[in-house]
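fold the stuff below for me.
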Amino acid sequence: MKNLQFPLQFTFKISTLSNDFIVKDANGITVSYIKQKMFKFIEDISVYNDDSKSEVYYKIKADRWLDFSAAYNMTDRFGKALGKIARKGWASIWKARYEIYDENNTQDLLIQEENPWVKVLDTLLCEIPLLGIVSGYFFNPAYIVTRPDGTPVARLSKEPSFWGRKFTVNTLSKFENGEEERLVLGLMMMILLERRRG
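Here you go, the predicted structure:
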């Protein structure tokens, strides 16, 4: 996943029991199919080349059993470490915060929820019969990706849709060496975790 044509679209499939989604580039070409294995004590994500699922390009796997502060290791098809993404425990309860590390375990990027009130209002509205069905059209969280020095790199935004199934990734600056691959894989894992969180 290098030299991708942004913006990218993440679209979750609602016809499967697993938490699957497709990634398409700006030209509408499928660049990845993400499949989360169900009923696993340790998160295990496969990133395929396309929706035929003929070839695994990447794996994302938790470093421990279900844990609020687990780190998720990202590897390529040959098992080479690319980095990891970690949720920042208690700091993520109010406002989602994830750190992406490179293959040398150096912090590379930071993902933060832009406005935590959007998620609170969405959660409250979901509890009201009938209104909960349309909440996905009114409350759409966004996440900003920055470098440790604060430079914005990309933004992931939920698009108005039923069941919160569509997300868009836009770039805000040029990628440095290795950033693009880690950023996209990190956002894939982050959005799986955030959808489960509510």
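
quick one: find the helix or strand in the chain with the lowest mean pLDDT.
helix 131-134 (a mean of 54; mean pLDDT, DSSP states H and E).

so where's the chain shaky on pLDDT?
Along the chain, segments meeting pLDDT under 70 span 15-18, 39-42, 65-69, 89-94, 116-139, 161-164, 196-198.

mind redoing it with 80?
Along the chain, the parts satisfying pLDDT under 80 run over 1-2, 13-19, 37-42, 64-70, 88-95, 115-140, 160-164, 195-198.

tell me the secondary structure for Glu176?
Using DSSP: H, G, I helix; E, B strand; the rest coil, the structure places Glu176 in coil.

what's the burial count for it?
Glu176: 12 surrounding residues under other C-beta atoms under 10 Å. Every residue, glycine included, has its C-beta placed from N, CA and C.

how about it: what's its closest non-neighbour residue?
Spatially, and ignoring its direct neighbours in sequence, Glu176 is nearest to Arg147 (8.0 Å; C-beta to C-beta, 6 or more residues apart in numbering).

hmm, Gln107 and that neighbour touching each other?
No - applying C-beta atoms under 8 Å, one finds Arg147 not in contact with Gln107, separated by 9.1 Å.

element containing Lys53?
Counting by DSSP states H and E, there is no helix or strand that carries Lys53.

not counting sequence-adjacent ones, nearest residue to it?
Spatial nearest neighbour of Lys53, chain neighbours left out: Tyr33 (5.9 Å); criterion: C-beta to C-beta, 6+ apart.

returning to that earlier point: who's in contact with the next helix or strand after the least confident helix or strand of the chain?
Sequence order places strand 142-146 as the next helix or strand after helix 131-134, per DSSP H and E. Residues outside strand 142-146 that contact it (C-beta atoms under 8 Å, 6 or more residues apart in numbering): 96, 109-115, 118, 152-158, 172, 183, 186-187, 190, 194.

what is the end-to-end distance of stretch 61-77?
13 Å (C-alpha to C-alpha, to the nearest Å).

check contacts around the residue nearest to Arg87 when sequence neighbours are not counted.
Using C-beta to C-beta, 6+ apart and skipping the chain neighbours, the partner closest in space to Arg87 is Tyr98 (5.4 Å). By C-beta under 8 Å, 6+ apart, the residues touching Tyr98 are Ile85, Ala86, Arg87, Lys88, Ser92, Leu110, Ile111, Gln112, Gly186, Met190.

out of those residues, which is nearest to Met1?
Nearest to Met1 among the contacts of Tyr98: Gly186, at 11.4 Å, using C-beta to C-beta.

so Ala86 sits against Tyr72, correct?
Yes - assessed by C-beta under 8 Å, Ala86 is found in contact with Tyr72 at 7.3 Å.

higher neighbour count, these two?
With neighbours defined as other C-beta under 10 Å, Ala86 and Tyr72 compare such that Tyr72 has more, 27 against 20.
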